[in-house]
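Visitor: Give me coordinates for this.
(12 chains)
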12 protein chains.
Amino acid sequence: MSIYKKIEIVGTSKASFAEAVKAAVAEAGKSLRHMSWFEVVEERGAIKDGKVHEFQVTIRVGFKVE
Amino acid sequence: MSIYKKIEIVGTSKASFAEAVKAAVAEAGKSLRHMSWFEVVEERGAIKDGKVHEFQVTIRVGFKVE
Amino acid sequence: MSIYKKIEIVGTSKASFAEAVKAAVAEAGKSLRHMSWFEVVEERGAIKDGKVHEFQVTIRVGFKVE
Amino acid sequence: MSIYKKIEIVGTSKASFAEAVKAAVAEAGKSLRHMSWFEVVEERGAIKDGKVHEFQVTIRVGFKVE
Amino acid sequence: MSIYKKIEIVGTSKASFAEAVKAAVAEAGKSLRHMSWFEVVEERGAIKDGKVHEFQVTIRVGFKVE
Amino acid sequence: MSIYKKIEIVGTSKASFAEAVKAAVAEAGKSLRHMSWFEVVEERGAIKDGKVHEFQVTIRVGFKVE
Amino acid sequence: MSIYKKIEIVGTSKASFAEAVKAAVAEAGKSLRHMSWFEVVEERGAIKDGKVHEFQVTIRVGFKVE
Amino acid sequence: MSIYKKIEIVGTSKASFAEAVKAAVAEAGKSLRHMSWFEVVEERGAIKDGKVHEFQVTIRVGFKVE
Amino acid sequence: MSIYKKIEIVGTSKASFAEAVKAAVAEAGKSLRHMSWFEVVEERGAIKDGKVHEFQVTIRVGFKVE
Amino acid sequence: MSIYKKIEIVGTSKASFAEAVKAAVAEAGKSLRHMSWFEVVEERGAIKDGKVHEFQVTIRVGFKVE
Amino acid sequence: MSIYKKIEIVGTSKASFAEAVKAAVAEAGKSLRHMSWFEVVEERGAIKDGKVHEFQVTIRVGFKVE
Amino acid sequence: MSIYKKIEIVGTSKASFAEAVKAAVAEAGKSLRHMSWFEVVEERGAIKDGKVHEFQVTIRVGFKVE
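Guide: Numbers count the residues shown, from 1 in each chain, chains lettered A, B, ... in the order given. As a prediction, the model looks like this:
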């Protein structure tokens, strides 16, 4: 019987939401093994000088507990 | 008086959420005519070897009933 | 004590959700100063001839009241 | 043991939300038998020349599978 | 200092959602005094012989506690 | 590329939710041009002397920014 | 024209969510007649000594007003 | 096996949300015994002469059925 | 690139929510191949003679499009 | 027939959510007349040096259109 | 003053949602002490060969911080 | 590129929701550095002897990953 845990993490990117997700997953991978899926929870971002400065995506990462 | 139906479909892409939407719409177009809009319902994805393997987007596609 | 207001705006793009957000922020910037963040409220789009015609993103833009 | 399916359909009316629901149910009835209930999912509409042009109601229709 | 209670009640009507709300409020008024507002919680209905048989509206009725 | 804004407005009517929507749209039209759609956000109402006194509908009105 | 009321009740069980629902309905039946449906609102539970101690289900019970 | 019921009640206070909750619980206690928890459902308030006139909190109160 | 569709189906059971899910999936399997997951959308049920008469579970079934 | 508009505003306070609401209402009052109610939409805050630095409350303010 | 933390965990079971919850709690108990409650966040599952292969329940587990 | 994590924590206070938030943040600060914001997820509380015994606030705390 498989058991998974989920953690919540926020990635950022100058380029797009997809890149922000990749950044978050890459960071999570530094301390987690066996990651198997993510769920987007929230999309927002920072604005500076009248332009989008940064895309921010909150995801939940699911990983298998050994 | 116009009547529309909606179906729910999940598209996937290695590249981005936008590409996953396009894939879902293209697929839906094989069996539906008169599609006129989509609504994003859920964004998630698969992770493999510590990296985003695939973006998955669930959309609802609205199409006109003739 | 800082006070912020939020307005709701819909941006569109042929390319992606991220571009649609940028378009919305750019437009909002024509009449607002001191914008500091945005929140994605809804993602949808138009379909024409069986293809995604346009990505539409509703965002709330938060800006500081002077 | 009874099994039901649900489909999602959008009805429109110049007059009211109730009429839009009736239109959607009537349309669904062309291809479905044994419909037994509906649930309102979303209410919106189109505006033209500064007036409500059309009420649009998305409903889910539940029908018994024989 | 005013205190209010809320109860949840479902009204039905052959004609429209508005009539279903009126029926629910009229019924609630048989046992409650000092009703002051209602909130629509859910709209659904029954279908019979391929037509809308009845509109059903769940409302919360707020009334002042003496 | 089209840009839209949304404002939130509450219409009231003695008769029905549909009439309350029409009242809200008519009012919004006094200061806005190019309105193109509305979304129902909330339906509630006032009760007086044990009867529905007034239907209240909160809508978001979307209009094109020139 | 039928009118229904709903009350909210929490049932508990050592065994399962389904048993907790049955307990809640049985209890509600002590003071209500003409109950006709229930809706699950929340599922949670208590943990003791590292094990599930009790399943708790909040349901809304709908009953016909005579 | 314990069974609980929940009622919905709105408390008001000139001072704060916490005081409004206390007022609601105190009122509920006049007719209920064995209250054991509350859940905040909605926070709003009235404005008069450009100032907050009253904080209003809707809570659900859970109490044990003997 | 994989594409999935989702349909919505309601299963019923005298015994439990899990059995109701199984009934819904079994029914869906009569007309669908390549089903790969389900999501619980709503849990409710019918009451008769003061007892739970039937558990009803609405699920969305996801299946691969060939 | 009364018509209301709603705007969204974020107030901040070092002390509490209630104070943050008051600040937001006071600010809104500088440009709006006939404000009559507020609804809390979101509560969050900033943390600095390991302590709550500021409470932030997003409210919708409803005001009568003359 | 008590402080609690919550973690999110996914349990699986061939048999039922209740068993999946028990599996998740048992797993969480390997690394946590003082667990005191759980909340069901999501119920879904895997389908294989046209049958329910596995029930999956996401719960939040609350535990006291010493 | 900044990456943040979020954890979920429940604070309690005899006095108010704001104090409960402060307690939760203070506790989180014992094991986390670089906390930068919190989001209120749920407000509830315990009742004893007919009075509010304790305010309980669930918050998500966001902190920067170094």
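
Visitor: now the spatially most central residue of chain A, nearest residue through space, not along the chain?
Guide: With distances taken as Cα atoms, centre = their mean, A:Ala24 lies nearest the centre of chain A, 3.5 Å away. Of all residues beyond its chain neighbours, the one nearest A:Ala24 is A:Gly11 (2.8 Å), with distances taken as Cβ to Cβ, 6 or more residues apart in numbering or on different chains. All C-beta atoms are positioned from the backbone trio N, CA, C, and that covers glycine.

Visitor: wait, doesn't that neighbour sit right on A:Ala18?
Guide: No: using Cβ atoms under 8 Å, A:Gly11 is not in contact with A:Ala18; the gap is 10.1 Å.

Visitor: what are the bridge partners for the residue nearest to A:Ala24, then?
Guide: A:Gly11 has the following beta-bridge partners by DSSP bridges: A:Val57.

Visitor: repeat for A:Tyr4
Guide: Applying DSSP bridges to A:Tyr4 yields these beta-bridge partners: A:Lys64, K:Val10.

Visitor: Give me every residue in chain A lying close to chain B.
Guide: By the rule Cβ under 8 Å from any Cβ of the partner chain, the part of chain A lying against chain B is A:16-18, A:21-22, A:25-26, A:29, A:33, A:35-40, A:61.

Visitor: Narrow those residues to just the buried residues.
Guide: A:16-18, A:21-22, A:25, A:29, A:35, A:37-40, A:61 (16 or more other Cβ atoms under 10 Å in any protein chain shown).

Visitor: So what does A:Lys30 look like in phi/psi?
Guide: Phi and psi for A:Lys30, reported as degrees, to the nearest 10, are phi -70, psi -30.

Visitor: can you check A:Ala26 too?
Guide: For A:Ala26, the backbone dihedrals (degrees, to the nearest 10) come out as phi -60, psi -40.

Visitor: list the contacts for it?
Guide: Residues near A:Ala26 by Cβ atoms under 8 Å, 6 or more residues apart in numbering or on different chains: B:Gly50, B:Lys51.

Visitor: can you tell me how far it sits from A:Glu19?
Guide: Going from A:Ala26 to A:Glu19 by Cβ to Cβ, to the nearest Å gives 10 Å.

Visitor: can you map out the helices along chain A?
Guide: Assigned by DSSP state H, the helices in chain A fall at A:17-28.

Visitor: Am I right that A:Ile3 is in contact with K:Thr12?
Guide: Yes: between A:Ile3 and K:Thr12 there is a contact at 7.1 Å, judged by Cβ under 8 Å.

Visitor: Between those two, which contacts overlap?
Guide: K:Ala23.

Visitor: which intervals of chain A have sub-threshold pLDDT?
Guide: A:1 (pLDDT under 70).

Visitor: One more pass at 90, please.
Guide: A:1-2, A:66 (pLDDT under 90).

Visitor: still on that earlier bit, of the residues of chain A next to chain B, which is the nearest to E:Arg44?
Guide: Relative to E:Arg44, the closest of those is A:Glu39; by Cβ to Cβ it sits at 29.0 Å.

Visitor: gap between A:Val40 and K:Glu8?
Guide: 15 Å.

Visitor: Of all the residues in chain A, which one is nearest chain I?
Guide: Of all residues in chain A, A:Trp37 sits closest to chain I, at 11.5 Å by Cβ to the nearest Cβ.

Visitor: burial count for the closest residue to that residue other than its chain neighbours?
Guide: Nearest in space to A:Trp37, with sequence neighbours left out and distances taken as Cβ to Cβ, 6+ apart, is A:Gly62 at 4.8 Å. Neighbour count of A:Gly62, defined by other Cβ atoms under 10 Å in any protein chain shown: 22.

Visitor: My understanding was that A:Gly62 contacts A:Ala28; is that so?
Guide: No: between A:Gly62 and A:Ala28 there is no contact under Cβ under 8 Å: 10.4 Å.

Visitor: Mind listing the shared neighbours of those two?
Guide: A:Met35.

Visitor: Could you dump the buried ones among the residues of chain A next to chain B into TSV and include distance to L:Lys51?
Guide: Converted to TSV, these look like this (distance: Cβ to Cβ, whole Å):
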residue	distance to L:Lys51
A:Ser16	52
A:Phe17	47
A:Ala18	52
A:Val21	47
A:Lys22	51
A:Val25	48
A:Gly29	49
A:Met35	47
A:Trp37	45
A:Phe38	44
A:Glu39	40
A:Val40	42
A:Val61	42
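
Visitor: so which of these comes closest to chain G?
Guide: A:Glu39 (19.6 Å).

Visitor: Next, the contact list for the closest one, please.
Guide: Contacts of A:Glu39 by Cβ under 8 Å, 6+ apart are A:Ile59, A:Arg60, A:Gly62, B:Glu42, B:Glu43, B:Arg44.

Visitor: swap the cut-off to 10 Å and go again
Guide: A:6, A:8, A:58-62, B:42-45, B:56, K:42, K:58 (Cβ atoms under 10 Å, 6 or more residues apart in numbering or on different chains).

Visitor: again with A:Phe17
Guide: A:11, A:40, A:43-45, A:55-57, B:16-18, B:43, B:55, C:16-18, C:21, C:40, C:43.

Visitor: can we see that at 8 Å?
Guide: By Cβ under 8 Å, 6+ apart, the neighbours of A:Phe17 are A:Val40, A:Glu43, A:Phe55, A:Val57, B:Ser16, B:Phe17, C:Phe17, C:Ala18.

Visitor: The third one contacts A:Val21, doesn't it?
Guide: Which is A:Phe55. No: A:Phe55 is beyond contact range of A:Val21, at 9.5 Å (criterion: Cβ under 8 Å).

Visitor: Show me which residues of chain A are close to chain K?
Guide: Checking chain A against chain K by Cβ under 8 Å from any Cβ, the hits are A:Met1, A:Ser2, A:Ile3, A:Tyr4, A:Lys5, A:Lys6, A:Ile7, A:Glu8, A:Arg60, A:Gly62, A:Val65.

Visitor: ok, now how distant is the residue nearest to the fifth one when sequence neighbours are not counted from J:Phe55?
Guide: Okay, so that is A:Lys5. Leaving out its chain neighbours, the residue that sits closest to A:Lys5 by Cβ to Cβ, 6+ apart is K:Ile9, at 5.2 Å. Here K:Ile9 is placed at a distance of 31 Å from J:Phe55 (Cβ to Cβ).

Visitor: Please identify the buried residues of stretch A:38-57?
Guide: Result for stretch A:38-57 [16+ other Cβ under 10 Å]: buried residues A:38-41, A:43-45, A:47, A:52-57.

Visitor: In strands only, show me those.
Guide: A:38-41, A:43-45, A:47, A:52-57 (DSSP state E).
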